[in-house]
Structure formats: C-alpha cells, structure tokens
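*Asks:* Mind looking at a prediction? Sequence and model below.
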Amino acid sequence: MNVLIDNSELFVTGFKNTGILFVISAFFALILGTIVAGMRVSPAPAMRAAGTLYVNAVRNTPLTLILAFFALGYPKLGLPEISFMTAAIVGLSLYTATYVSEAIRSGINTVAVGQSEAARAIGLPFMQTLTLIVLPQAFRSVLPPLFSVFIALLKNTTVAAGFSVFEAGAIRAYLSERGEPLLPGLLWVALIFVLLVLGILTPLQRYLEKKWRVAR
Amino acid sequence: MSSVLFDVPGPKARTRNVFLNVFTVLVVVGIIAFILYRFNESGQFTAKKWEIFTFPRVQQMFLTVIGATLKAFAASAVGSLVLGILLAFGRLADSKWVRVPCYWFTELFRAIPVLVLMMIVYYGLPSAGVKGITPFIAVVVGLILYNGSVLAEVFRAGIESLPKGQREAGLAVGLSKGQVQRIILLPQAVRSMLPVIISQLVVILKDTALGFLITYNEVLYYADFLGSQGQYGSPVVPALMVTAVIYVGLCLILSGIAKLVESKMSSRVKVVKTRVGLAG
C-alpha cells in the first residue's frame, strides 16, 4: 500500500497518459480500420488488394517493432519532428486499425446476402441499403470482437513505455530510480489493469451486447 | 459475383470500378514512392549504412539472435499449449474447488499486459529475493501465463462446441471421465479450433519481440545495437528494415505451415467458426 500512496503522483500521471494513448489511438484506429474494412469489401479488386496487403503486412509485424520504427527510425528521415507520445499514438493506431478492420469486415460478412437483395428489390439505393439494412445488423456482431480489440489496445499501450513515453508501463523505471520496492509497485500496476479490464471494459461489453442483442 | 453490399456490376458500375482501381493504384504507388523518396533523401540507401550487414560476423549474429527468438517462441508455445489444456480441463472440472480458481486464473492473466507480467518476473521477483531470473525466463514465463490463459478459453470453447453425444458415447462404452476428455473430446476440439490456435501461436511469435524491452538478446535487441554503431553511420532504419523482413518472414512461414496442417485436417472435420477474442 505504501508504494502506491508514497508515489501516487507517479501512478496518476502514468495511468493518465495510458488513458490518453488509449482514447486517441482507439479513435484513429476506429476511423482507419473502418476505411480499410471498406476497402476490403469494395467491388474494386485493387482496393481489396491494397487493404489485404496492409492488414497482412502489419499483422505479421510485432507491435514493438512498429513502435521502434516511429520512435527511433522516424527521426532519422528528416521529416517534421514529432514527440514520443505522438509516435506511440501513430504506431498504436496503425497496428490496431488492422484488427478493427478485420472485426468490421467479418461483421459485414455475417449479414445474409438476402437482406440486401431484399433491400434492393424494394428499391432502396446503395446508401440506404448500407445504413438502414446492412450496418445495423453488422454492428451487433462486430461489437464483441471490437471490444476485444480495444481491450488488447489498452494492454498494448504499455509497450510505449519502452520508447520514452511515460505511461503505466514506465512506472517501474521511475520506482527503481527512487529505490522503491519493485515487486509491490509492479503488482499495483497489474492490479489497476485488472480493474480497468475486468471492472470497466468487460462489464461495459456485456451490457452493450445485451442491449443490442436481437432474436435471430 | 453478388455480395451483401453490391449487386452484379452493370456497365456504369464497371466503369466506376475501373476508375476506383486506377485511383487506388495511384494512391498506393504515391505512398510507396513518398516513403522511398524520403528514405533516399535522408540517405538510408547509401552503401555506408548497409556496409555493416555484409560482415560475416554480423550475419552470424543475426542467425544467433533469430535462434534466440525461435527458442523463446518454441518454449512459450509448448508451455502455453500445456497450460491451456490444463486450465481448460480445470474449468470444465466437476469440483468447484478446481473450477473457480481456474476461472479466476484465466480471467486475471488475460487482463494483465504481457509486458507487465514480464517486468514482474524480471524486475519484481529478483527485488523480492528470487535468484536466477534471466531475461529468457522472464519472456517465456510472461508469454506462457498470458497465452496459456487465452488458449484455455479456446480449448474450452472447442470442447463445449462439440455435440453432447460425443461425451455420452464415450462414457457409455465405459471410458472414465479423464479418458473421455483426453481421447474423445480434446483431439476433436483441437482440430476444430486449429485456426484460432494457430493465430495465437503467431501472436506468441510476435510478442517475443517484447523481450527487447527487458533486455532479452533477440532480433530487435540486436537491431537496436547495430543501429547505434556510429562508425557505420548509425544504420537505425536499415537495421529496422532487416528486422521487419525477418519477423514478417517468420510469421508467414508459421502461417504457411499452419495452413498446410489445416488443409490436411479440414478434409476430415468441419471447422467450427467461433468468436473467441484474439487481438494482441
């Protein structure tokens, strides 16, 4: 308990930055992931190929390597300088977007073809078919995997600690600098993650799933 | 081909698709060209920055560190599969005293970031007096605890998705409960969950790169070391490019083997599609 109270400002700043990383990366990952999912179900073969290439390349690369590229490699390219925080956000968004796109794409694929054929048969144009018929149904089956993706993102933010971002994963380094006992400190970090995941995100997921469940 | 979103294209749609194709190719080529231009402008392709990769010593070291990555992967994969099977059986046990602890074990270790688990083992335990913790042990233990818990859920979902008759028939011919689980349920569950198990193995392979952050001497760690060699022009970007090729190559080989095994097995059994969360 003492480690937590004596160094409360470390824990507060650390988890605040974790929260910032999580929210901003989730936002951009959702946007980029939706665009990539759209490309992967597009009628144009080149768009599908580009989407597939992006997803396969990024999914087979470790997140640590992606973050290493933006934190260590990017500054060598002579482009406008970015902070380590921004670098981490860019890396996390690019990485998570592939998982978001896969969740959305598989959700769209679960909607039966007959649904949109019926919609077209009664004369709905493309946008209405998409927004009134397909997406509302796809959204429900996308929700559980999408939540898993965001839970993974929250845990993945800790990797940024290795690249000069002061967030939850970096609390250890500051504690050892102060000569505080490391094991209790790290266990507190783990416990807070457990509370965030099992106490907030998972119940929220269950609640939303229940709310939007439909009888099939 | 009619999909859920699009009808079979007519003449108008076909023209539009051609336009979309050209547009996409232009954008992709543009992005790649910009990256190459930037790399070239900042001197990433100069001979000086690549010279270090031509040294036999460096190439040998690359083989050594790839070996270290594969060693951590193999140990973690085997450990996670074993732990996963044990926990899955634990969660399906009749006794509450086994079921409940196994449930909490899987829930807890899936909620803690792998990196934090590795740090607890590598920095936390020695500070509490445990001796003999190497980075290798920390990487493997962290990966096993996390992926074992994830795989436990996968195995459990696989066993529960089997028809009830399988278990009943096994009991009816006089097998014990343990035998039914071992020789009737588990093999079928593994086969039907194979795609999910494989993608989790790819996750393990990728996550060995976390070892870089706790000083395990694997591919990324060595690349970082090469990148800091000032007398060869600090080839950070070339080193990261080589690392990326190695990791993507290893993952593709693993996925390739997986597809081979899968196609051999799927001719005999229907693959159950489930929705076990696997991101990470």
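*Replies:* Great, that's in hand.
*Asks:* in chain A, which spans are helices?
*Replies:* For chain A, applying DSSP state H gives helices covering A:2-6, A:8-40, A:45-59, A:63-68, A:84-110, A:113-121, A:126-128, A:135-156, A:171-177, A:182-194, A:202-211.
*Asks:* could these be laid out in JSON lines, adding distance to chain B, mean pLDDT and mean neighbour count?
*Replies:* Placement of C-beta: from N, CA and C, glycine included. Shown next, in JSON lines, are the helices of chain A (distance: least, Cβ to the nearest Cβ, whole Å; pLDDT from 0 to 100; neighbours: other Cβ atoms under 10 Å in any protein chain shown):
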{"stretch": "helix A:2-6", "distance to chain B": "11", "mean pLDDT": "75", "mean neighbour count": "13"}
{"stretch": "helix A:8-40", "distance to chain B": "8", "mean pLDDT": "90", "mean neighbour count": "18"}
{"stretch": "helix A:45-59", "distance to chain B": "4", "mean pLDDT": "90", "mean neighbour count": "17"}
{"stretch": "helix A:63-68", "distance to chain B": "4", "mean pLDDT": "91", "mean neighbour count": "25"}
{"stretch": "helix A:84-110", "distance to chain B": "5", "mean pLDDT": "90", "mean neighbour count": "22"}
{"stretch": "helix A:113-121", "distance to chain B": "5", "mean pLDDT": "86", "mean neighbour count": "14"}
{"stretch": "helix A:126-128", "distance to chain B": "8", "mean pLDDT": "81", "mean neighbour count": "11"}
{"stretch": "helix A:135-156", "distance to chain B": "3", "mean pLDDT": "86", "mean neighbour count": "21"}
{"stretch": "helix A:171-177", "distance to chain B": "5", "mean pLDDT": "81", "mean neighbour count": "19"}
{"stretch": "helix A:182-194", "distance to chain B": "4", "mean pLDDT": "88", "mean neighbour count": "20"}
{"stretch": "helix A:202-211", "distance to chain B": "8", "mean pLDDT": "85", "mean neighbour count": "12"}
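*Asks:* These: which one's closest to B:A244?
*Replies:* B:A244 lies closest to helix A:63-68 among the helices of chain A, at 6.0 Å (Cβ to Cβ).
*Asks:* Tell me which other helices or strands that closest one touches.
*Replies:* Applying 3 or more Cβ pairs under 8 Å, 6 or more residues apart in numbering or on different chains; DSSP states H and E, one finds that helix A:63-68 contacts helix A:84-110, helix B:219-227, helix B:236-266.
*Asks:* how about 6 Å then?
*Replies:* In terms of contacts (3 or more Cβ pairs under 6 Å, 6 or more residues apart in numbering or on different chains; DSSP states H and E), helix A:63-68 is packed against helix A:84-110.
*Asks:* now for the helix it packs on, which elements pack on it?
*Replies:* helix A:8-40, helix A:45-59, helix A:63-68, helix A:135-156.
*Asks:* Which among these is found nearest to B:S76?
*Replies:* Among these, helix A:63-68 sits nearest to B:S76 (Cβ to Cβ), with 15.2 Å.
*Asks:* related to what we said a few turns ago, which one of the helices and strands packed on helix A:84-110 lies nearest to A:E102?
*Replies:* Per Cβ to Cβ, nearest to A:E102 of those: helix A:45-59, 6.6 Å.
*Asks:* what's near enough to touch residue 90?
*Replies:* All of this refers to chain A. Neighbour list for A:V90: A:F70 [criterion: Cβ atoms under 6 Å, 6 or more residues apart in numbering or on different chains].
*Asks:* Oops, wrong one, chain B.
*Replies:* B:98, B:102.
*Asks:* Heading C-terminal from the strand or helix carrying it, find the next helix or strand.
*Replies:* Assigned by DSSP states H and E, B:G90 belongs to helix B:56-91. Counting by DSSP H and E, the element after helix B:56-91 in chain order, helix or strand, is helix B:96-111.
*Asks:* Go through the helix or strand where B:R191 lies and flag the buried ones.
*Replies:* Assessed by DSSP H and E, B:R191 sits inside helix B:186-192. Across helix B:186-192, burial judged by 16 or more other Cβ atoms under 10 Å in any protein chain shown covers B:186, B:188-192.
*Asks:* any idea of the mean pLDDT for it?
*Replies:* Here helix B:186-192 scores 86 as its mean pLDDT.
*Asks:* Output the contacting helices and strands for that helix.
*Replies:* Checked by 3+ Cβ pairs under 6 Å, 6+ apart, helix B:186-192 has helix B:135-160 packed alongside it.
*Asks:* Quick check: buried residues in the helix it packs on?
*Replies:* Buried residues in helix B:135-160, counting neighbours by 16+ other Cβ under 10 Å, are found at B:135-159.
*Asks:* filter these by proximity to chain A?
*Replies:* For chain A, no contacts are drawn from the buried residues of helix B:135-160 by Cβ under 6 Å from any Cβ of the partner chain.
*Asks:* Show me chain B divided up by domain.
*Replies:* Here the domain parsing of chain B from automatic domain parsing is B:1-42, B:48-266.
*Asks:* Adding distance to A:A119, write the ones you listed out as a markdown table.
*Replies:* Below are the domains of chain B laid out as a markdown table (distance: least, Cβ to Cβ, whole Å):
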| stretch | distance to A:A119 |
| --- | --- |
| domain B:1-42 | 10 |
| domain B:48-266 | 32 |
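*Asks:* ranking the ones you listed by burial, who's on top?
*Replies:* domain B:48-266 (a mean of 18; mean count of other Cβ atoms under 10 Å in any protein chain shown).
*Asks:* and it, how far out from the chain's middle?
*Replies:* 6 Å (Cα atoms, centre = their mean, to the nearest Å).
*Asks:* What residues does the stretch 151-280 of chain B have near chain A?
*Replies:* B:206, B:209-210, B:212-213, B:220, B:236-237, B:240, B:243-244, B:247-248, B:251, B:277, B:279-280.
*Asks:* Surely A:A44 and B:V18 touch.
*Replies:* No: here A:A44 does not reach B:V18: they are 8.2 Å apart, not a contact under Cβ atoms under 6 Å.
*Asks:* What residues does A:F28 make contact with?
*Replies:* Neighbours of A:F28 in contact, by Cβ under 6 Å, 6+ apart: A:S93.
*Asks:* From A:V100, how far out is it?
*Replies:* Using Cβ to Cβ, to the nearest Å, one gets 10 Å for the distance from A:F28 to A:V100.
*Asks:* Over to A:T110?
*Replies:* Distance, A:T110 to A:V100, by Cβ to Cβ: 16 Å.
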